[in-house]
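*Asks:* okay, predicted coordinates and the sequence, questions at the end:
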Protein chains: 2
Amino acid sequence: MRLFNDQGTAAVSTNHVAAAAGISPGNLYYHFRDKEDIIRELFERMFATWDTVYRLPSNRRPILSDLDALITANYRQIWRHRFAYGEMAALLRGDPRLRTRYQVMRRRGYAGFKSLIKAFAASGVLTALPPTARELNVLTELCWVISEQWPVNLELSGRAFTANGIRQGIALMRMVLTPHLARGARADPL
Amino acid sequence: MRLFNDQGTAAVSTNHVAAAAGISPGNLYYHFRDKEDIIRELFERMFATWDTVYRLPSNRRPILSDLDALITANYRQIWRHRFAYGEMAALLRGDPRLRTRYQVMRRRGYAGFKSLIKAFAASGVLTALPPTARELNVLTELCWVISEQWPVNLELSGRAFTANGIRQGIALMRMVLTPHLARGARADPL
DNA sequence: GTCTATATAATGATAGAC
DNA sequence: GTCTATCATTATATAGAC
């Protein structure tokens, strides 16, 4: 994953992976059927983290700072797997099996995202959610796109993924959500 | 560009490009130094279109429908060059020269984006722009990320880039801009 | 400018010993 | 499970004739 994150999947050969892992190419092919299989495994590990990352405190009602924490955790998560998000379209185009799998997990993730938004609404953090289901979908989609793309976008612009970069990303998400925030919460400092 | 859009740059060899162009591989290398050079040329053609696409009517004040038209034109433009946006990070990582060039053009494009937003504010379409320069930057960045990523995102989710897909993209951009729209303009149907 | 032919190198992947 | 050795294929890129 480190190699893929740093150089992109196309620039990293199976020989490189084997060398970095400290094993022989032959041994690598004992553990993985082919290169696509390695990438699929990395995707699965990524999917597996989704359930734990996008989770609210179970012992109390979520508050605004939970929202910030969630956004931050999300960005870190995406950054950790940036090889995937930086060339997702190319990866999915080349591997139909991975594409199907991603789209299934994406739908699940999207539903989870919407649940989170609704949970923040129920707890009074977001008091002015869009009235129609359709608009709520648009809002969810908006959050999804920004979540998924902001860390890579940061890299593209030449900036680094630092605390400051994350802060800028939170500002973006806040600008989307502010019109839906409870009145008292809006003044919360970044 | 068609091959790259359909299969991704890594999956398309120079031999494929030559065959699709109806010339020999040797001839292709007479016209282009190497594969990166081909990609750089495609990027340059893309950059060249930016000035013509992101442009307001010169003979009158821009109105709300101009904003929608601009967003639509933008999405179409991105879609036409989706090979670039679908694997931008990987492409820039592998070609420092391209990275530098992209970042220069990106800064220029970002400044143009901000000018457009200000022009819509000056003409009364956007009446409630964020008060501080900092917030205006966040809004601009937000529009930029969505512009750049929505068409590819549409593809990733399994949807097609059709009139309907574009309409959904406009809805996204509208949700970002609505809090800043003039009151009378908000009721405008999609 | 365009071609054919080819050099060179790397890649993904396998065979088979241990 | 791990290795060495190697294969077949493919890709980029060049040489040189026309």
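*Replies:* Ah, there it is. Just so it is clear, the model here is predicted, and its values are computed rather than measured.
*Asks:* dead centre of chain A: give me the residue that sits there.
*Replies:* A:Ile78 (4.0 Å; C-alpha atoms, centre = their mean).
*Asks:* any idea which helix or strand carries that residue?
*Replies:* Taking DSSP states H and E as the criterion, A:Ile78 maps to helix A:64-80.
*Asks:* what's the burial count for the closest residue to DNA strand D within chain A?
*Replies:* Going by C-beta to the nearest atom of the strand, DNA strand D is nearest to A:Gly26 of chain A, at 2.3 Å. For the C-beta atoms, the positions are set from N, CA and C on the backbone; glycine is no exception. Neighbour count of A:Gly26, defined by other C-beta atoms under 10 Å in any protein chain shown: 8.
*Asks:* wait, a helix at it?
*Replies:* Yes - remark: A:Gly26 belongs to a helix, assigned using DSSP: H, G, I helix; E, B strand; the rest coil.
*Asks:* for A:Trp150, grab phi and psi.
*Replies:* When read as degrees, to the nearest 10, the backbone of A:Trp150 gives phi -60, psi -50.
*Asks:* quick one: is the longest helix belonging to chain A near chain B?
*Replies:* Longest helix in chain A, counting residues (DSSP state H): helix A:96-122. Yes - judged by C-beta under 8 Å from any C-beta of the partner chain, helix A:96-122 comes into contact with chain B at A:102-103, A:106.
*Asks:* so which of those residues wins on neighbours?
*Replies:* Going by other C-beta under 10 Å, A:Tyr102 tops the residues of helix A:96-122 next to chain B with 23 neighbours.
*Asks:* where does that one sit relative to A:Leu142, distance-wise?
*Replies:* Taking C-beta to C-beta, to the nearest Å as the measure, A:Tyr102 falls 20 Å from A:Leu142.
*Asks:* contacting residues for A:Phe83?
*Replies:* When contacts are counted by C-beta atoms under 8 Å, 6 or more residues apart in numbering or on different chains, A:Phe83 is found next to A:1, A:4-5, A:8-9, A:42.
*Asks:* any idea which helix or strand carries it?
*Replies:* A:Phe83 belongs to helix A:82-86, assigned by DSSP H and E.
*Asks:* what's the first helix or strand after that helix?
*Replies:* helix A:88-94.
*Asks:* run the chain-centre distance for that next one.
*Replies:* Offset of helix A:88-94 from its chain centre (C-alpha atoms, centre = their mean, to the nearest Å): 17 Å.
*Asks:* DNA strand C contacts on chain A?
*Replies:* A:13-16, A:25-26, A:29, A:33-36 (C-beta under 7 Å from any atom of the strand).
*Asks:* redo those residues as JSON lines? Include distance to A:Thr132, pLDDT and secondary structure.
*Replies:* Compiled in JSON lines, the residues of chain A next to DNA strand C are given as follows (distance: C-beta to C-beta, whole Å; pLDDT from 0 to 100; DSSP: H, G, I helix; E, B strand; the rest coil):
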{"residue": "A:Ser13", "distance to A:Thr132": "50", "pLDDT": "98", "secondary structure": "coil"}
{"residue": "A:Thr14", "distance to A:Thr132": "50", "pLDDT": "98", "secondary structure": "helix"}
{"residue": "A:Asn15", "distance to A:Thr132": "54", "pLDDT": "98", "secondary structure": "helix"}
{"residue": "A:His16", "distance to A:Thr132": "51", "pLDDT": "98", "secondary structure": "helix"}
{"residue": "A:Pro25", "distance to A:Thr132": "56", "pLDDT": "97", "secondary structure": "helix"}
{"residue": "A:Gly26", "distance to A:Thr132": "58", "pLDDT": "97", "secondary structure": "helix"}
{"residue": "A:Tyr29", "distance to A:Thr132": "53", "pLDDT": "98", "secondary structure": "helix"}
{"residue": "A:Arg33", "distance to A:Thr132": "47", "pLDDT": "97", "secondary structure": "coil"}
{"residue": "A:Asp34", "distance to A:Thr132": "46", "pLDDT": "97", "secondary structure": "coil"}
{"residue": "A:Lys35", "distance to A:Thr132": "45", "pLDDT": "98", "secondary structure": "helix"}
{"residue": "A:Glu36", "distance to A:Thr132": "41", "pLDDT": "98", "secondary structure": "helix"}
